[in-house]
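Participant: sequence first, predicted model second:
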Amino acid sequence: MPFPNHTPLPWQHRFLRAFSSCLLLGASVLGTLAPSRVAGSDEGPLSVFATVVPLATFVERIGGDQVRVQPMVRAGQNPHTYDPTPRQVAALADADLYVRVGMSLEDAWLPRIRATNPGMRILDARDGLPLRQTGPVQELDAPQAPGVSGPGNAREDDAHDHDGEHDPGGHAGHAHDPDAQDTHVWTSPRLARSMGAGIRDALIGLRPSQRDTFNANYARFAADLDALDAEIRARLAPVEQRRFMVFHPAWGYFADTYVLTQVAVEYQGKEPGARALAGLIDRARTDGIRVVLVQPQMSPRSAEQIATAIGGRVESIDPLSADYFGTLRQLTELIAGASDQ
């Protein structure tokens, strides 16, 4: 699979140095992890890696005891700063399948991993899905037609400075790429269903003898996702306030699916400056937002400032949790419950 050429970012330079060391150390411990076998054979479970924990959960549901799954970015870690461990690098040299989701860090990992394991299949879980863009952003004052799903992100474009920096477009300190794609595809149960079908087909391709098992496991997984989707729709149907505030914009696909708009505090990896923070506080007061959602991998500082100013509260919810169904139920209740108050 080709990968675009790009100039490494600072974190990628750090990764490349760490990765070279990992390769040397990983090679020395590879033999202690698992006996060598032919990829796709029936001698033991298939070795599968997925970039983030929710994808690993999907693979586990569909693969059952026919797979041994490891998330590349482990629980509680930030995907934007994570480096693989030597043990992970060693295990990847014997992996049958890698499930990716389009995160930029994969572009640094996968070509080098593939060089050590050319027979490993790489599945892009987004294949065939309608992908959303992280920009251009919607101004917070833009009207939203009832019953029509608009962009899942909202930003106050004309007042978004960063720690005193400002440019005419409000995107100081970094390049604004209007074509950048949101990679948090799994947050929509409907899209997760399609992702699961791709995982099922990849596993069948690797182990055709277990076709019936993978099909049956996927059917149960898809039914559970359909039930979750119906549950979320029913709970959110009477909610009049269709905006919710988050620190990191990880819930755009969820928002699009259920006709909501997430108002993001962070923008392209940067916390807001004083002027943007004041604008977010004003917007939260106008919209009656009482809860600011944060994820445990990131600093809650700005979210806590907003919550204090509006007399609201901060709630932690993890889009990278292994408890996929519980997490989306928690998110639904936080949005609907805030509206009930």
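Facilitator: Nice, thanks for sending it over. As the structure is a computational prediction, the values presented were derived from the model and not from experiment. Residues are numbered from 1 along each chain as shown.
Participant: quick one, what contacts the most centrally placed residue in the chain?
Facilitator: By Cα atoms, centre = their mean, the mean C-alpha position of the chain lies nearest to His184, the distance being 3.3 Å. Counting by Cβ atoms under 8 Å, 6 or more residues apart in numbering, His184 touches 250-253, 319. Yep, even glycine has a C-beta here, placed from its N, CA and C like the rest.
Participant: just the ones of those in strands?
Facilitator: Among these, no member is found in strands (DSSP state E).
Participant: most neighbours, which of those residues?
Facilitator: Trp251 (28 neighbours; other Cβ atoms under 10 Å).
Participant: residues contacting that residue?
Facilitator: Taking Cβ under 8 Å, 6+ apart, one finds 152, 184, 187, 244, 262, 293, 319, 331 in contact with Trp251.
Participant: quick check, pLDDT for it.
Facilitator: If you check Trp251, the pLDDT there is 96.
Participant: pLDDT weak spots in the stretch 1-150 of the chain?
Facilitator: Residues of the stretch 1-150 of the chain that meet the criterion pLDDT under 70 lie in 1-42, 135-150.
Participant: list the buried residues in the lengthiest helix in the chain.
Facilitator: The helix spanning the most residues in the chain, taking DSSP state H as the definition, is helix 211-236. Across helix 211-236, burial judged by 16 or more other Cβ atoms under 10 Å covers 213-214, 217-218, 221-222, 225, 228-229, 232, 235-236.
Participant: measure the closest residue to Gln210 other than its chain neighbours to Ala216 for me?
Facilitator: Leaving out its chain neighbours, the residue that sits closest to Gln210 by Cβ to Cβ, 6 or more residues apart in numbering is Gln66, at 5.2 Å. Here Gln66 is placed at a distance of 12 Å from Ala216 (Cβ to Cβ, to the nearest Å).
Participant: and the helices in the stretch 151-300 of the chain?
Facilitator: 189-206, 211-236, 252-257, 274-287 (DSSP state H, counting those that start in this stretch).
Participant: mind checking how far His184 is from Glu240?
Facilitator: His184 is 26 Å from Glu240, by Cβ to Cβ.
Participant: ignore what I typed, I meant Met103.
Facilitator: Counting by Cβ to Cβ, the gap from Met103 to Glu240 is 35 Å.
Participant: who has more neighbours out of those two?
Facilitator: Neighbour comparison, Met103 and Glu240: the larger count goes to Met103, with 18 against 7 (by other Cβ under 10 Å).
Participant: contacting residues for the more buried one?
Facilitator: Met103 touches 51-52, 79, 183, counting by Cβ under 8 Å, 6+ apart.
Participant: hmm, 10 Å instead?
Facilitator: Applying Cβ atoms under 10 Å, 6 or more residues apart in numbering to Met103 gives the contacts 51-52, 72-73, 79-80, 82, 109, 183-184.
Participant: sorry, back to before: now do the longest helix of the chain: distance to the chain's middle.
Facilitator: Helix 211-236 has its C-alpha centroid displaced from the chain centroid by 20 Å (Cα atoms, centre = their mean, to the nearest Å).
Participant: before we move on, back to that, most neighbours, which of the contacts of Trp251?
Facilitator: Gly152 (27 neighbours).
Participant: before we move on, back to that, which single one of the contacts of His184 is nearest to Ala56?
Facilitator: Pro319 (13.8 Å; Cβ to Cβ).
Participant: quick check: chain neighbours aside, which residue is closest to the closest one?
Facilitator: Ala250 (4.2 Å).
Participant: for Glu60, same thing?
Facilitator: Val69 (5.2 Å).
Participant: wait, doesn't that neighbour sit right on Gly63?
Facilitator: Yes. Here Val69 reaches Gly63: they are 6.9 Å apart, a contact under Cβ atoms under 10 Å.
Participant: those two: who's more crowded?
Facilitator: The neighbour comparison of Val69 against Gly63 (other Cβ under 10 Å) goes to Gly63, with 26 against 21.
Participant: quick one: the residue nearest to Gly205 when sequence neighbours are not counted and Ala202, what's the gap?
Facilitator: Nearest residue to Gly205 in three dimensions, chain neighbours excluded: Arg121, at 7.4 Å (Cβ to Cβ, 6+ apart). Between Arg121 and Ala202 the computed distance is 6 Å (Cβ to Cβ).
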